[in-house]
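In: Sequence and predicted structure are below.
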Amino acid sequence: MDHFKYKGDSLFAEDLTVSDIAARYGTPCFIYSRATLERHYRVYAEALAGHPHKICFAVKANSNLGVLNVLARLGAGFDIVSGGELDRVLTAGGDASNIIFSGLGKTTNEIRKALDVGIHCFNVESEAELSRINEIAQAEEKIAPISVRVNPNVDAGTHPYISTGLKENKFGIPASNAIDLYRNAAKMDGISIMGIDFHIGSQLTTVEPFLDAIDRILEMVDKLDEEGIKISHFDMGGGLGVPYGKEEPPHPSELIALVREKFTGREMEIVVEPGRSIAANAGIFVTRIEYLKKSEQKNFAIVDGAMNDLIRPALYGAWQEIVPVEKSSKAAAVYDVVGPVCESSDFLGKDRELNIAAGDLLAVRSAGAYGFVMSSNYNTRPRVAEIMIDCSDSYLVRERETVAELFANEYMLPD
Ligand SMILES: *Cc1c(COP(=O)(O)O)cnc(C)c1O
């Protein structure tokens with residue numbers, strides 16, 4: 001469910017036509033819907049109501065300050081993977097005590113900063129990281145709350161690039177070493193053990209891998225308990241998929257209902273770190289057709305947006321729906337929708353039947369997560385504008401970059 005719908009022939013973002021938004025802010029651009037973001041957050045909040053919980057939006061999915069601020073106002077927590085994301089969350093009004101710090105390469109400066117502002121928990125991914133956090137905490141006369149990211153070795157059945165819970169992945173601590181790590185942590189003066197966590201991958205379309213991993217990790221919680229190591233929060237990561245096309249992932253409320261069954265009689269706080277399932281369908285990417293081109297084999301719609309703006313199709317072969325912003329009765333043909341970047345992988349969609357002409361606008365749906373955040377300046381292309389729609393109001397939440405900004409920090413050699 002999102003708020004990008006046709007009324008008559010026109011695609012709307014909430015109460016505004018996408019055509020009007022594009023005319024005002026230019027193309028390419030990302031358009032986000034506040035109502036959709038809020039709705040997706042509330043689905044988790046309602047499903048978890050009545051059990052202690054935290055919903056920590058995975059900032060890496062969409063780190064725009066406007067987006068983070070909308071969620072912070074709802075009381076969201078945040079899952080971060082860098083010091084930069086920490087600054088963004090605090091600037092956007094997020095509460096430090098609701099921040100979880102994930103990621104396997106935390107630097108000394110990042111750890112110090114997170115300790116200083118008093119985040120909720122560090123999700124630890126190695127023995128060496130645990131020692132480093134302990135040393136920094138002791139030097140600062142603080143106690144660092146930690147959770148250990150356990151690799152449950154379950155196959156999430158997703159794309160290999162976004163699968164993270166298998167033995168061969170670089171993430172987490174193998175289940176066989178985790179108990180030892182907790183024993184060590186329990187002896188460290190700078191560490192307080194809070195939780196246990198896992199994150200098995202992204203764009204998961206079935207509940208089984210989650211439920212499997214939960215069973216495995218709960219067994220570990222009980223073993224730890226027998227040794228006197230109490231786990232007060234259970235963080236099941238993010239990773240729930242969204243319907244980009246024909247996939248039918250479980251609704252978050254369905255997943256959470258099944259998860260809650262596993263926690264009957266357990267007081268532990270349930271933590272979730274959804275990114276994609278909150279933000280993906282709350283955004284579209286809007287691009288204008290510059291040229292139509294016919295080759296012997298193919299029709300191409302050459303658009304002003306490209307892989308540097310939205311890399312998921314090029315990077316993962318991801319399929320995202322592409323629709324005309326204004327429906328028309330123009331002749332239909334099958335097109336590859338491609339950008340101007342000098343790479344053959346520069347496409348937004350292949351073999352799409354569209355009724356279009358040069359100058360028309362296209363919308364790539366489900367672009368609110370892993371869209372703008374993965375964009376680059378390849379081919380000296382300024383990163384595009386981001387716009388937030390709130391009912392019949394539109395707000396520029398990120399200016400389109402200028403070319404001058406792109407090389408403002410570069411220097412030529414002296415004469
Ligand atoms: C990427 C990531 C998430 C969010 O994943 P989604 O698939 O966007 O829900 C959550 N937790 C961790 C540790 C991550 O790396």
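Out: Sure thing, it's come through.
In: bridging residues for Lys5?
Out: Phe12 (DSSP bridges).
In: Name all residues that make contact with the closest residue to the ligand within the stretch 51-200 of the chain.
Out: Residue nearest to the ligand within the stretch 51-200 of the chain: Ala58 (3.3 Å; C-beta to the nearest ligand atom). All C-beta atoms are positioned from the backbone trio N, CA, C, and that covers glycine. Neighbour list for Ala58: 79, 238, 273-276 [criterion: C-beta atoms under 8 Å, 6 or more residues apart in numbering].
In: Not counting sequence-adjacent ones, nearest residue to it?
Out: Spatial nearest neighbour of Ala58, excluding adjacent residues (C-beta to C-beta, 6 or more residues apart in numbering): Gly275 at 3.0 Å.
In: Would you mind measuring from the one you found to the ligand?
Out: The spacing between Gly275 and the ligand, counted by C-beta to the nearest ligand atom, to the nearest Å, is 3 Å.
In: Which phi and psi values does the residue of the stretch 51-200 of the chain closest to the ligand adopt?
Out: Main-chain torsions, Ala58, degrees, to the nearest 10: phi -80, psi 100.
In: Pull up the residues of this structure that are close to the ligand.
Out: By C-beta under 6 Å from any ligand atom, the residues of the chain that approach the ligand are 58, 60-61, 79, 102, 199, 202, 237-240, 273-277, 369.
In: Nearest the geometric middle of this structure, what residue?
Out: By C-alpha atoms, centre = their mean, the chain has its centre lying nearest to Ala61, at 2.1 Å.
In: What residue, apart from its backbone neighbours, is nearest that one spatially?
Out: Take Ala61 and drop its neighbours on the chain: the residue closest to it by C-beta to C-beta, 6+ apart is Gly275, 3.0 Å away.
In: I'd like to know how many residues surround that neighbour.
Out: Counted with other C-beta atoms under 10 Å, the neighbours of Gly275 add up to 23.
In: which of the contacts of Ala58 has the most neighbours?
Out: The contacts of Ala58, ranked by neighbours (other C-beta under 10 Å): first place Asp79, 32 neighbours.
In: May I ask which helix or strand encompasses it?
Out: strand 77-80 (DSSP states H and E).
In: Show me what that strand is packed against.
Out: strand 53-58, helix 65-72, helix 83-91, strand 99-101 (3 or more C-beta pairs under 8 Å, 6 or more residues apart in numbering; DSSP states H and E).
In: host element of the nearest residue to Met1 once chain neighbours are set aside?
Out: Excluding the flanking residues, the one nearest Met1 by C-beta to C-beta, 6+ apart is Arg39, at 6.6 Å. Taking DSSP H and E as the criterion, Arg39 maps to helix 34-48.
In: Remind me what that helix packs against, helices and strands.
Out: strand 53-58, helix 65-72, helix 252-262, strand 269-272, helix 276-279, strand 385-390.
In: run the last query once more with 6 Å
Out: Judged by 3 or more C-beta pairs under 6 Å, 6 or more residues apart in numbering; DSSP states H and E, helix 34-48 is in contact with helix 65-72, helix 252-262.
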